[in-house]
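1. Generate a structure from the sequence data that follows.
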Amino acid sequence: MRLKKSSFWSKIPNWVWVLISLAVAIAIWLFAAYTWPLVFATPKAVVDAFISKAASGVLWGHVWASLSRVLSGFAIAFVVSIPVAFLMAWYDPFRHVVEPWIQFIRNIPPLAYVFLIIAALGVGQVSKVTVIFIAAFLVMVITIYQGVKGVDTTLIKAARVLGAKQKDIFFKITIPASTPFILVAARLGLSTSMTTLMASEIVGGDKGIGMMIQQANGYYQMDVMLMGIILLGIIGICFEKIVKFLERRFTGWQETIQQ
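-> I've put the predicted structure just below:
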């Protein structure tokens with residue numbers, strides 16, 4: 001019986017599951033809007049708010065401001081985290097000096113030090129990008145470091161027996177073996193950048209989805225606030241899909257049989 005049931009569910013296309021999941025989400029949303037009308041706006045009200053904001057051009061200004069901050073902070077963190085992680089994995093003195101600070105700051109919520117950074121750099125773009133950079137860097141450098149340290153030592157020993165130099169081991173074994181972890185780090189870094197975006201935007205500034213949500217909360221515009229939250233989720237999913245595509249593109253040699 002289990003095998004038949006499993007076979008039946010596996011025949012349902014993914015797009016059907018997506019539609020079912022969407023229908024369940026809308027049903028729960030309508031129930032919440034009916035039960036707590038002062039908290040949850042209806043789907044129609046949210047769509048109307050989106051059309052209104054998009055038509056006026058205000059929404060796209062907020063979206064562009066947030067996207068530019070997320071992508072700038074993430075890109076800088078990604079570029080910096082890779083060499084730092086490899087240095088930590090290959091040179092013990094560097095790791096002993098740097099790792100304790102990374103572990104210490106990584107356990108501090110971004111909202112705790114965002115005020116310090118804004119006090120030093122102001123409420124402009126630089127401070128927000130800096131907050132996102134710090135949070136994304138700390139997540140990615142640890143993930144990449146664990147990937148480099150986890151490279152199969154058998155491969156390295158075999159390469160040395162065959163006469164490979166340190167440079168060859170680094171470029172032909174360590175980097176390819178670490179690529180999946182680098183891409184996982186990118187996914188985690190983007191997710192962290194999105195969550196940190198809210199912390200950086202709600203404490204100052206005039207543009208951004210986080211600021212739009214805060215302003216809507218102040219005026220009790222629940223439709224606009226819910227629209228901003230959903231928009232953040234959609235952007236996050238798009239980022240994840242892009243990274244998953246890159247994972248399939250660059251780590252196809254690691255693919256296994258899908259159940």
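2. which regions of the stretch 1-150 of the chain sit below the pLDDT cut-off?
-> In the predicted model of the stretch 1-150 of the chain, residues 1-8 satisfy pLDDT under 70.
3. To which secondary structure element type does Glu239 belong?
-> Quick fix: residue 239 is Phe, not Glu. helix (DSSP: H, G, I helix; E, B strand; the rest coil).
4. Name the nearest residue to it, sequence neighbours excluded.
-> Leaving aside its sequence neighbours, Phe239 sits nearest to Leu190 (CB to CB, 6 or more residues apart in numbering; 4.5 Å). Where C-beta positions appear, they are placed from N, C-alpha and C, glycine not excepted.
5. go on, Ile213?
-> Gly228 is the one closest to Ile213 (CB to CB, 6+ apart), at 4.1 Å.
6. The one you found reaches Gln214, doesn't it?
-> No. Taking contacts as CB atoms under 8 Å, Gly228 lies outside contact range of Gln214: 9.2 Å.
7. who has more neighbours, these two?
-> Gly228 (30 against 17; other CB atoms under 10 Å).
8. Please list all residues in contact with the more buried one.
-> Residues near Gly228 by CB atoms under 8 Å, 6 or more residues apart in numbering: 62, 209-210, 212-213, 216.
9. Could you check which helix or strand contains it?
-> In the assignment (DSSP states H and E), Gly228 maps to helix 222-250.
10. repeat for Asp206
-> Using DSSP H and E, Asp206 maps to neither a helix nor a strand.
11. Any idea how many residues pack against it?
-> The number of residues packed near Asp206 is 12, by other CB under 10 Å.
12. any idea how far it lies from Leu59?
-> The gap separating Asp206 from Leu59 is 14 Å, by CB to CB, to the nearest Å.
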